[in-house]
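> sharing a model that was predicted from the sequence below.
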Amino acid sequence: MQIINLIRKQEEIDRKVTKGLELVTDGYFIYGTNNKYLKALLLALKEVFCDKYSYIEWWLYETNDYKVWDDKSKWNLKKPEDLYDYLVEHMK
């Protein structure tokens with residue numbers, strides 16, 4: 001979970017840098033979108049957790065409701081720990 005929390009903290013820093021760049025330029029920037037370290041880290045997490053459906057990236061970037069259903073139950077993945085528990089359960 002430390003990895004997920006660090007990714008979130010870095011993204012907050014990237015957003016602040018983006019806002020600063022927008023103040024001093026005429027263009028629209030999104031700082032950090034082509035970060036090779038982040039891409040490598042996400043690939044490693046995906047491999048470690050056998051995340052064939054990309055739940056980690058979905059959780060970080062695409063969802064606001066954090067809900068997932070599987071054959072047995074409904075999962076609420078609001079906290080990073082919840083995502084971890086879900087991924088560990090589905091690695092089997």
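Everything's here; your move.
> buried by neighbour count: which residues of stretch 12-28 qualify?
Neighbour-count burial for stretch 12-28 flags 14, 18 (criterion: 16 or more other CB atoms under 10 Å). Just so you know, the C-beta spots here come from the backbone N, C-alpha and C atoms, and that holds for glycine as well.
> what sits up against it?
29-32 (CB atoms under 8 Å, 6 or more residues apart in numbering).
> of those, just the buried ones, PyMOL syntax please.
Per 16+ other CB under 10 Å, the buried members of the contacts of stretch 12-28 correspond to this PyMOL selection:
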select buried, resi 31
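> so can I have TSV of the contacts of stretch 12-28 showing distance to Tyr55, secondary structure and pLDDT?
Supplementary listing: those in TSV, determined by distance: CB to CB, whole Å; DSSP: H, G, I helix; E, B strand; the rest coil; pLDDT from 0 to 100:
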residue	distance to Tyr55	secondary structure	pLDDT
Phe29	29	coil	73
Ile30	23	coil	76
Tyr31	26	coil	78
Gly32	22	coil	76
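> can you pick out the most distant pair from the contacts of stretch 12-28?
Phe29 and Gly32 (9.8 Å; CB to CB).
> show me the shaky parts of this protein.
For the chain, applying pLDDT under 70 flags the ranges 92.
> switch to 80 and redo it
For the chain, the stretches flagged by pLDDT under 80 are 27-33, 70-71, 92.
> so which residues of it form helices?
2-24, 36-48, 55-57, 80-91 (DSSP state H).
> report the angle between the first one and helix 80-91.
Counting by axes from the mean of the first three to the mean of the last three CA atoms, to 10 degrees, helix 2-24 points 130 degrees away from the direction of helix 80-91.
> got a list of what the residue most central in space within the chain touches?
Of all residues in the chain, the one closest to the mean position by CA atoms, centre = their mean is Leu60, 2.5 Å from it. By CB under 8 Å, 6+ apart, the contact set of Leu60 is 4, 7-8, 11.
> just give me the closest of the residues you listed to Lys52.
Closest to Lys52, out of all of these and judged by CB to CB, is Ile4, at 18.4 Å.
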